[in-house]
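In: Structure here, sequence nowhere to be found:
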């Protein structure tokens, strides 16, 4: 949660292709905010006509107060893991919103977006865990740092509850690597 505005209404869109774990990412972030911070949440999921390979999205609204309209209309942060999802879902991003992309798959940034962060989440996942499928957890770490919508500890707790013990260590490494990459980007922005 942002340190400067505890009562703000947040809208987040996680987008990619079927099979990249966007639904799981939304589930974990919703659990972190709803179960561990006792905040109001609305989570919606939308698949393209294809279950694997087509554009899909998971959207999360977080608020301290009851949520009157259960649809994301102006995302404060959007994750785009593919070019198709970036092109398809970026149009209603808030003017000050953050667009987080994986440059391995998103090579063309739509014009007019001020806050774009490119983190090679798929490559980081492969380097840290040996599996590209952990890119969604790398993204979760980056989002936790960049957006500050939910406390880091709450997300870590939700991850610990979601993954079986055999997968927990590698997913914690992926989450920490995502946080580290985002911290590095933020430090570069401050320095320039």
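Out: Everything's here; your move. From a predicted model like this one, the values you see are computed outputs, not experimental measurements.
In: which stretches of this protein form helices?
Out: Along the chain, the segments classed as helices by DSSP state H run 22-36, 83-89, 121-129, 135-147, 152-162, 165-191.
In: Deepest-packed of those, please.
Out: Among those, the stretch with the highest mean neighbour count (mean count of other CB atoms under 10 Å) is helix 135-147, at a mean of 27. C-beta coordinates here come from the backbone N, C-alpha and C atoms, glycine included.
In: what's it packed up against?
Out: Judged by 3 or more CB pairs under 8 Å, 6 or more residues apart in numbering; DSSP states H and E, helix 135-147 is in contact with strand 10-17, helix 22-36, strand 77-80, strand 98-101, helix 121-129, helix 152-162, helix 165-191.
In: Between those, which one is closest to residue 59.
Out: With respect to residue 59, and counting by CB to CB, the nearest of these is strand 10-17 at 5.1 Å.
In: Quickly run through the sheet partners of that closest one, with directions.
Out: Paired strands of strand 10-17, with direction, are strand 55-63 (antiparallel), strand 77-80 (parallel) (DSSP bridges).
In: With adjacent residues omitted, what lies nearest to residue 162?
Out: Distances taken as CB to CB, 6 or more residues apart in numbering put residue 28 closest to residue 162, at 5.5 Å, once the chain neighbours are dropped.
In: Could you check the pLDDT of that neighbour?
Out: In this model, residue 28 is scored at 97, pLDDT.
In: repeat for residue 50
Out: If you check residue 50, the pLDDT there is 53.
In: I figured the residue nearest to residue 162 was touching residue 140, is that so?
Out: Yes: Residue 28 is within contact range of residue 140, at 6.4 Å (criterion: CB atoms under 8 Å).
In: hey, what's in contact with both of the two?
Out: Common neighbours of residue 28 and residue 140 are listed as 155, 159 (criterion: CB atoms under 8 Å, 6 or more residues apart in numbering).
In: where in the chain is pLDDT low?
Out: 1-7, 48-53 (pLDDT under 70).
In: The residue lying closest to residue 119 once chain neighbours are set aside: what's it in contact with?
Out: Of all residues not flanking residue 119 in the chain, residue 181 sits nearest, at 4.7 Å (CB to CB, 6+ apart). Contacts for residue 181 (CB under 8 Å, 6+ apart) come out as 119, 120, 121, 124, 138, 141, 142.
In: The residues you listed: which two are farthest apart?
Out: 120 and 141 (13.2 Å).
In: Go ahead and confirm residue 185 touches residue 117.
Out: Yes: counting by CB under 8 Å, residue 185 touches residue 117, with 5.5 Å between them.
In: any common contacting residues for these two?
Out: residue 146.
In: From residue 138, how far off is the residue nearest to residue 119?
Out: Counting by CB to CB, to the nearest Å, the gap between residue 181 and residue 138 amounts to 7 Å.
In: which residues do the two both contact?
Out: Residues touching both residue 181 and residue 138 by CB under 8 Å, 6+ apart: 119, 121, 124.
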